[in-house]
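S.K.: have a look; sequence and predicted model below, questions after that.
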Amino acid sequence: MASMPLPGRMRWNWQLLSPFAARTCAPLPSSRWEKAYLIPFTLAYHPLHREPHFIDDARKRLEHTLAWWREWTRICQLSEFEAPGWNEAVERSLVTLKALSYQPSGGIVAALTTSLPEELGGVRNWDYRYCWIRDATLTLYAFMNAGRFDEAGAFREWMLRAAAGAPDQMQIMYGIGGERRLTEIELHWLPGYENSLPVRIGNGAHEQIQVDVFGELMDTLYTARKSQLGPHQEAWRFQQAILSRLESLWRGPDQGIWEVRGGAKHFVYSKMMAWVAFDRAIKAVEQFGFPGPVGKWRTLRDEIHREVLARGYDKERNTFVQHYDGAGLDASLLLMAEVGFLPPDDPRFRGTVEAIERDLMEDGLVLRYRVGETKDGLPGEEGTFLVCSFWLADAYTMIGRGHDAEVLFERLLSLRNDLGFLAEEYHPRHRRELGNFPQAFSHVGLINTAYNLRRINGPAQQRADRSASPHATHTSWTGTAGEQHRERSID
């Protein structure tokens with residue numbers, strides 16, 4: 001405590017609170033009470049050969065940041081969520097996605113963490129601090145249905161820049177700045193979260209062949225065109241190039257959506273998304289007038305469809321299976337109607353939903369697959385996969401089981417932590433979240449399912465081309481990540 005003389009007859013006392021603020025107080029002449037004031041100041045360290053640099057008043061920066069985020073959420077379209085719990089959950093998920101984005105590039109990381117385990121004490125520990133092409137389409141629908149076209153456009157631009165180049169060099173994931181070399185390293189000297197080893201940095205999956213990402217990329221750019229996001233012609237040349245590669249690539253096995261490390265298979269979801277790639281190319285020619293060998297693409301699209309129905313469908317059980325010549329199920333098949341491969345009322349799709357309910361659910365939540373039935377190259381177990389449970393709720397809405405969808409959605413909302421965050425997985429027996437955190441894909445699922453439940457023409461219907469997608473306007477999309485995003489804020 002020290003005293004400070006001030007003009008007039010009063011002497012004010014001040015007390016150091018922290019390296020960033022001081023408190024002063026003095027008795028007011030007309031009152032027995034003391035009034036407290038804050039006098040902010042900063043301390044800065046710098047080498048002698050450089051000019052000193054002082055940050056702004058931290059209190060004002062914090063106030064500015066709070067005002068910025070309140071304005072950002074005010075613009076989000078949440079009016080259809082009358083229930084306060086739903087409104088808060090969707091808003092919080094949108095804020096989480098925004099906070100997971102990297103302003104300079106527009107990329108969105110899958111999670112902020114590495115090596116948080118999918119099984120406590122196990123080896124299923126991965127680095128998720130990267131951007132996956134696979135996440136793009138559903139992320140666009142989440143942002144666009146909430147009226148956030150700047151973020152949707154920025155992610156689209158990131159994807160085009162990152163994936164640009166020779167088609168045979170396209171990866172399934174990149175760094176937030178478009179980095180390609182994501183070498184996986186095990187840090188043996190670290191103990192891991194709750195002794196879950198190894199701790200990894202980098203992700204070896206970036207070298208895998210995953211055919212479904214071709215469909216995701218084509219679907220993303222088709223969605224962007226429908227919503228009037230961005231220039232068209234430049235992206236179309238790139239799309240034609242990757243389709244040329246896909247013409248032969250789709251016939252072979254791959255590692256699939258779940259990035260298995262137990263050998264390549266003919267995964268049904270990968271074939272389905274190859275069908276999506278050619279289907280969206282055909283629609284780009286028919287709807288937007290782009291040039292292309294549409295006759296050849298129709299032939300390939302029809303060939304893929306016939307093959308999946310012949311080799312990926314189990315007639316006796318009335319369900320599609322995870323891969324050719326296999327019997328296991330896969331939660332990614334829940335997206336079959338959403339991507340338009342089959343109509344929602346097709347008995348084969350309904351049978352697949354029912355089979356997943358019977359065989360892939362634990363305590364009312366969905367596993368992505370049964371570890372004992374899928375050779376993923378890893379020992380141990382894992383929890384239920386949260387985004388897959390959101391996909392089941394979406395499938396329910398498409399086949400007319402709205403009440404079941406709402407009950408499942410409410411259950412999923414109850415799993416969020418006190419900050420509204422979701423991880424990648426949830427373990428019903430241990431009653432705790434597992435995997436990296438917070439998980440973008442889980443929050444994307446939450447947002448899209450909420451809009452599917454409250455809108456007749458929600459994201460699932462939009463993606464299946466059964467209804468129109470939201471359209472960007474000159475005020476809702478500026479063509480950049482948004483001028484306001486360059487404002488300074490406290491992170």
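M.R.: Nice, I can see it.

S.K.: the stretch 151-300 of the chain: helices as residue ranges?
M.R.: Taking DSSP state H, counting those that start in this stretch to define them, one finds helices in the stretch 151-300 of the chain at 212-226, 233-249, 268-288, 294-311.

S.K.: quick one: low-confidence parts of the stretch 201-350 of the chain?
M.R.: Applying pLDDT under 70 to the stretch 201-350 of the chain picks out residues 230-232.

S.K.: hmm, try it at 80
M.R.: For the stretch 201-350 of the chain, residues meeting the criterion pLDDT under 80 lie at 230-234.

S.K.: make JSON lines from the helices of the stretch 151-300 of the chain and add mean neighbour count to it.
M.R.: Backbone N, C-alpha and C define where each C-beta goes, glycine included. Converted to JSON lines, the helices of the stretch 151-300 of the chain look like this (neighbours: other C-beta atoms under 10 Å):
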{"stretch": "helix 212-226", "mean neighbour count": "24"}
{"stretch": "helix 233-249", "mean neighbour count": "16"}
{"stretch": "helix 268-288", "mean neighbour count": "23"}
{"stretch": "helix 294-311", "mean neighbour count": "15"}
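
S.K.: for those helices, give me a markdown table that also has distance to residue 395.
M.R.: Conversion of the helices of the stretch 151-300 of the chain to a markdown table gives the following (distance: least, C-beta to C-beta, whole Å):
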| stretch | distance to residue 395 |
| --- | --- |
| helix 212-226 | 18 |
| helix 233-249 | 26 |
| helix 268-288 | 14 |
| helix 294-311 | 18 |
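
S.K.: of those, which approaches residue 382 most closely?
M.R.: helix 268-288 (18.1 Å; C-beta to C-beta).

S.K.: and residue 221, what does it touch?
M.R.: 156, 160, 235, 239, 280 (C-beta atoms under 8 Å, 6 or more residues apart in numbering).

S.K.: one more time with 10 Å, if that's ok
M.R.: For residue 221, the contact set (C-beta atoms under 10 Å, 6 or more residues apart in numbering) comprises 136-137, 140, 156, 159-160, 229-230, 232, 235-236, 238-239, 280-281, 284.

S.K.: if we can go back for a sec, out of the helices of the stretch 151-300 of the chain, which comes closest to residue 348?
M.R.: So among the helices of the stretch 151-300 of the chain, helix 294-311 is nearest, using C-beta to C-beta, at 7.9 Å.

S.K.: show me what that closest one is packed up against.
M.R.: Packing partners of helix 294-311 (3 or more C-beta pairs under 10 Å, 6 or more residues apart in numbering; DSSP states H and E): helix 233-249, helix 268-288.

S.K.: identify the residues contacting the helix or strand that it is followed by?
M.R.: Where DSSP states H and E defines the elements, the next helix or strand beyond helix 294-311 is strand 313-314. Strand 313-314 is contacted from outside by 268, 319, 320, 321, 326, 327, 329, 348, 351, 352, 355, using C-beta under 10 Å, 6+ apart.

S.K.: redo these as JSON lines? Include distance to residue 195 and secondary structure.
M.R.: Output for the contacts of strand 313-314, formatted as JSON lines (distance: C-beta to C-beta, whole Å; DSSP: H, G, I helix; E, B strand; the rest coil):
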{"residue": "268", "distance to residue 195": "37", "secondary structure": "helix"}
{"residue": "319", "distance to residue 195": "39", "secondary structure": "strand"}
{"residue": "320", "distance to residue 195": "39", "secondary structure": "strand"}
{"residue": "321", "distance to residue 195": "36", "secondary structure": "coil"}
{"residue": "326", "distance to residue 195": "34", "secondary structure": "coil"}
{"residue": "327", "distance to residue 195": "35", "secondary structure": "coil"}
{"residue": "329", "distance to residue 195": "32", "secondary structure": "coil"}
{"residue": "348", "distance to residue 195": "45", "secondary structure": "helix"}
{"residue": "351", "distance to residue 195": "43", "secondary structure": "helix"}
{"residue": "352", "distance to residue 195": "39", "secondary structure": "helix"}
{"residue": "355", "distance to residue 195": "37", "secondary structure": "helix"}
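
S.K.: would you list those residues in JSON lines and tack on distance to residue 65?
M.R.: Below are the contacts of strand 313-314 laid out as JSON lines (distance: C-beta to C-beta, whole Å):
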{"residue": "268", "distance to residue 65": "46"}
{"residue": "319", "distance to residue 65": "50"}
{"residue": "320", "distance to residue 65": "48"}
{"residue": "321", "distance to residue 65": "50"}
{"residue": "326", "distance to residue 65": "51"}
{"residue": "327", "distance to residue 65": "53"}
{"residue": "329", "distance to residue 65": "46"}
{"residue": "348", "distance to residue 65": "51"}
{"residue": "351", "distance to residue 65": "51"}
{"residue": "352", "distance to residue 65": "46"}
{"residue": "355", "distance to residue 65": "48"}
